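A.B. asks: coordinates for the following, if possible.
(2 chains)
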Amino acid sequence: MLAQLAISGIVVGSVYALVALGMTILFRATSIVNFGHGEFFMLGAFAIYVLKQGFGWSYPVAIAIAFGLLFLVGVLVERVLIRPLGSAPFLSFAMMTVAFSFLFKGLTRFFYGRDVSMLPPLLNGEPLDFGSVVLFPQDFLVIAGAGATMTIFFLFFEYTQVGKIVQAASQAPRGAALVGINVPAFHSAMWGVAALTGAVAALLIAPSTLVYPDMGGQMLVHAFAAMTLGGFGSLGGAVLGGLSLGIIENLMGGYVSSSLVEISAYLVIMLVLLVRPQGVFGEWRTSRV
Amino acid sequence: MRRTTAIVLGALSFAVQSTGCVNAQETTSSPPIKIGMFAPLTGSAAFAAKVAYGASSVYKDINDHGGINGRKLELVLEDDACDPNKGIAAVKKLTAQDRVFLIHGGWCSNVVLAIKPEIERDNTLPYVVLGAASASISTPVTANIFQPVATTQAVANTMVDFALSRPDVKKVAIISHSDEWGKSHLQPAIDALKAHGLTPVETVYFERGSTDATSQTLKLRAAKPDAVLAVLYPAELAIYLRDAYKYGVRVPTIGTQGASIEDTERRIGIPDAVRDLYIFYPLSQTISSDQFKPWAEIFKKYYPAEPIDTITFIGVGGALAIADVIKRLGPDVTRERFLSEMNKLTNFDSGVQASTMSFSPLDHAGIKSGNMIHLVDGVPTIVSKLSTPKP
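C.D. replies: Below you'll find the model as predicted:
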């Protein structure tokens, strides 16, 4: 049972990690904590669902267009809702992300509010036995997809010049602007990338969780817990936090009480803030929220 | 042919008969009878909006046939989003602003329990539950609150009796939400098992909005139950069944009326995962049966874009009971007389519900039992006994 709980925890934790990674990328690039990130996840799921189930398009086409749409949504959010705030107080940015979160949720409810929809798995098939561990083929895809996405972002930020420019533009925007870097364009692109990671996470997990307008709320809490555990602003921390949270939830449910599964994320947030507020890999950093 | 079929046809002609009593003057001069309704039209339980639409289709059909005793029914529908605060606001609006004659509303038990004090304060206001099933709504009895749907007590008792209908079932486990709705099934189920000399071999909680039931399913598997009672909403039931299939929990799962067997199969997308699924079924016939066609046609007439589902008809029995009682009042429609007549409703057979409805001054839980539904060769079928799982 321990192995199964741990492996299943890694599967669901991979998705938490991916969503947390999207929030972390945005935080590193813009110093904004996006309370609407759960809705990027939800919109990603609905975009794929509508294109796949509604229009009957093949998965590759639906995924490609959905990813493009979500990137565009992220860019538009930055351009239309965030950039006009300029140098407004940090709280204004937070409230704006909360506001567009409710806006997106409300709009989705308006169009799809009366049903819980099913998205077929990318990989069909019977459960596979590995000794005491059982996994669906889709579970492998979740781990592989999340792992590949996280690796790409890690390599991008750590080993490419553009990645380093993004970080520089975040840490010293005025200096970056003075040397000719188009800081607003970078910020726009990072909002787009963050929204895109939400869509990737949705693609991986939505076939298991089903698709409905409120699906982003729980995911946001888990992503926050993962970021808090790993350390705000740390890419590795977000990944470690997400995976750890998935495992913690399952172990709590399996060995302590199933009543504790859903409060595990909140317990993690409280414990980390009390014991090590900067998280495992985090550093103290000034933020806009 | 069941006796209810005749009553279905009778009920369908109900409005037509009423029309016969109408003259032109009455139609134009009599004010409409305002019925307030609230239901989750948005939010996480918005799938239940169709319960309101089902009841609404009955009222619309009655109006299209001339109304009741010459008076039209005017429905005022409010959204509670399954949120107690919004439910309270909706009731205040319906009573203070819209000044409705009665309220027929409420799908979410937490909302109905939140508005209960408000309803109790205005004890002349008739309140008929739309679909909320918590037994705490009608027990203990409140003079002006009537529950014309199977309560969680009735559902839990039926689920336990059904689980034990196979003599070799001795070990029963439960997976449940821990909210008010879950608890209102859980305790009656435990009590019903106790009455049979049993206690659950395992009880696990699976919360709403959860994405994975691994830990709960593994605990259930370790308990080696003969049957599992699943007190879960539709999305979570699908997630549990998928994980139960994944981890090899091949025992009958018996669900509540919160879920539809057709939707559950569609959501999971794995036919074998619902092979041993049985769900409490509050209706008299399967919705695809010929006997149920007239009801489906009425609904489609007014809500052509809405898919028809089991829960579409959960509020229909209450709507027909309300219409029947108003008709009995004749021209003198007062709240006091309505409450008095509701208390006299005995063995009212709507033709829609699985059992007849009865109220008395001492008992406002009108429905005491229901059917169980199961997919036989992929077709929803009402069954009376639990089958042995196929290997």
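A.B. asks: which residues does the closest residue to A:F35 other than its chain neighbours contact?
C.D. replies: Using Cβ to Cβ, 6 or more residues apart in numbering or on different chains and skipping the chain neighbours, the partner closest in space to A:F35 is A:T97 (4.3 Å). From N, CA and C alone the C-beta is placed, and that goes for glycine too. By Cβ atoms under 8 Å, 6 or more residues apart in numbering or on different chains, A:T97 lies in contact with A:32-37.
A.B. asks: let me have the residues you listed in a markdown table, extended by pLDDT, neighbour count and secondary structure.
C.D. replies: Putting the contacts of A:T97 into a markdown table (pLDDT from 0 to 100; neighbours: other Cβ atoms under 10 Å in any protein chain shown; DSSP: H, G, I helix; E, B strand; the rest coil) gives the following:
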| residue | pLDDT | neighbour count | secondary structure |
| --- | --- | --- | --- |
| A:I32 | 89 | 24 | coil |
| A:V33 | 90 | 20 | coil |
| A:N34 | 93 | 30 | coil |
| A:F35 | 94 | 21 | coil |
| A:G36 | 94 | 25 | coil |
| A:H37 | 95 | 28 | helix |
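A.B. asks: out of those residues, who's nearest chain B?
C.D. replies: Closest approach to chain B among the contacts of A:T97 (Cβ to the nearest Cβ): A:H37, at 16.2 Å.
A.B. asks: leaving aside the residues next to it on the chain, what's closest to the closest one?
C.D. replies: Closest to A:H37 by Cβ to Cβ, 6+ apart is A:M23, at 4.9 Å.
A.B. asks: burial count for the one you found?
C.D. replies: 26 (other Cβ atoms under 10 Å in any protein chain shown).
A.B. asks: let me know the pLDDT of it.
C.D. replies: Residue-level confidence at A:M23 comes out at 92, pLDDT.
A.B. asks: do the same with B:E26
C.D. replies: So, for B:E26, pLDDT stands at 40.
A.B. asks: one more: B:G66?
C.D. replies: 93.
A.B. asks: could you do the one 10 residues further on as well?
C.D. replies: In this prediction, B:V76 carries a pLDDT score of 97.
A.B. asks: and the residue nearest to A:H37, which of the three is it?
C.D. replies: Classification of A:M23 using DSSP: H, G, I helix; E, B strand; the rest coil returns helix.
A.B. asks: so how far is A:A223 from it?
C.D. replies: Per Cβ to Cβ, to the nearest Å, A:M23 is found 5 Å from A:A223.
A.B. asks: which ones are touching residue 266?
C.D. replies: You didn't say which chain, so I picked chain A. A:221, A:225.
A.B. asks: nope, chain B please
C.D. replies: A:M118.
A.B. asks: what about residue 78, neighbour count?
C.D. replies: All of this refers to chain A. For A:E78, using other Cβ under 10 Å, the count is 23.
A.B. asks: that's the other chain; I wanted chain B
C.D. replies: Neighbours around B:E78, by other Cβ under 10 Å: 22.
A.B. asks: bridged to it, which residues?
C.D. replies: Counting by DSSP bridges, B:E78 is bridged to B:F38.
A.B. asks: do the host helix or strand of B:V204 and chain A meet at all?
C.D. replies: Using DSSP states H and E, B:V204 sits in strand B:202-205. Yes - residues of strand B:202-205 contacting chain A under Cβ under 8 Å from any Cβ of the partner chain: B:204-205.
A.B. asks: so what are the sheet partners of that strand and their directions?
C.D. replies: strand B:172-176 (parallel).
A.B. asks: average pLDDT across the strand it pairs with?
C.D. replies: Here the average pLDDT along strand B:172-176 is 96.
A.B. asks: next SSE after that strand?
C.D. replies: With secondary structure assigned by DSSP H and E, strand B:172-176 is succeeded by helix B:180-195.
A.B. asks: how many other residues sit next to B:P304?
C.D. replies: Neighbours of B:P304 using other Cβ under 10 Å come to 7.
A.B. asks: mind listing what residue 204 touches?
C.D. replies: The chain I'm using is chain A. A:14-15, A:18, A:141-142, A:145-146.
A.B. asks: try again with chain B
C.D. replies: A:258, B:173-176, B:215-216, B:219-220.
A.B. asks: so which residues of chain A form strands?
C.D. replies: Counting by DSSP state E, residue ranges of the strands within chain A are A:128-130, A:133-135.
A.B. asks: let's have these in TSV, adding mean neighbour count, mean pLDDT and distance to B:A90.
C.D. replies: TSV is the format used below for the strands of chain A (neighbours: other Cβ atoms under 10 Å in any protein chain shown; pLDDT from 0 to 100; distance: least, Cβ to Cβ, whole Å):
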stretch	mean neighbour count	mean pLDDT	distance to B:A90
strand A:128-130	11	85	49
strand A:133-135	17	88	46
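A.B. asks: who wins for proximity to chain B among those?
C.D. replies: That would be strand A:133-135 among those, by Cβ to the nearest Cβ, at 5.7 Å.
A.B. asks: now check the closest one, is it near chain B?
C.D. replies: Yes - judged by Cβ under 8 Å from any Cβ, strand A:133-135 and chain B are in contact via A:134-135.
A.B. asks: per-domain residue ranges of chain B.
C.D. replies: B:3-149+B:286-367, B:154-282+B:372-383 (automatic domain parsing).
A.B. asks: I'd like the next helix or strand past the strand holding B:V204.
C.D. replies: For strand B:202-205, the following helix or strand on the C-terminal side (DSSP H and E) is helix B:214-223.
A.B. asks: enumerate the residues of the stretch 1-150 of chain A near chain B.
C.D. replies: A:1, A:4-5, A:8-9, A:11-12, A:15, A:106, A:109-110, A:113-118, A:120-121, A:127, A:134-136.
A.B. asks: OK, contacts around the residue nearest to A:H37?
C.D. replies: Going by Cβ under 8 Å, 6+ apart, A:M23 touches A:33-34, A:37, A:194, A:223-224, A:227, A:238.
A.B. asks: quick one: name the residues of the stretch 1-150 of chain B near chain A.
C.D. replies: With the criterion set to Cβ under 8 Å from any Cβ, the stretch 1-150 of chain B comes near chain A through B:41-44, B:46-47, B:49-50.
A.B. asks: so which of the domains of chain B is nearest A:P173?
C.D. replies: Judged by Cβ to Cβ, the one of the domains of chain B that comes nearest to A:P173 is domain B:154-282+B:372-383, at 36.9 Å.
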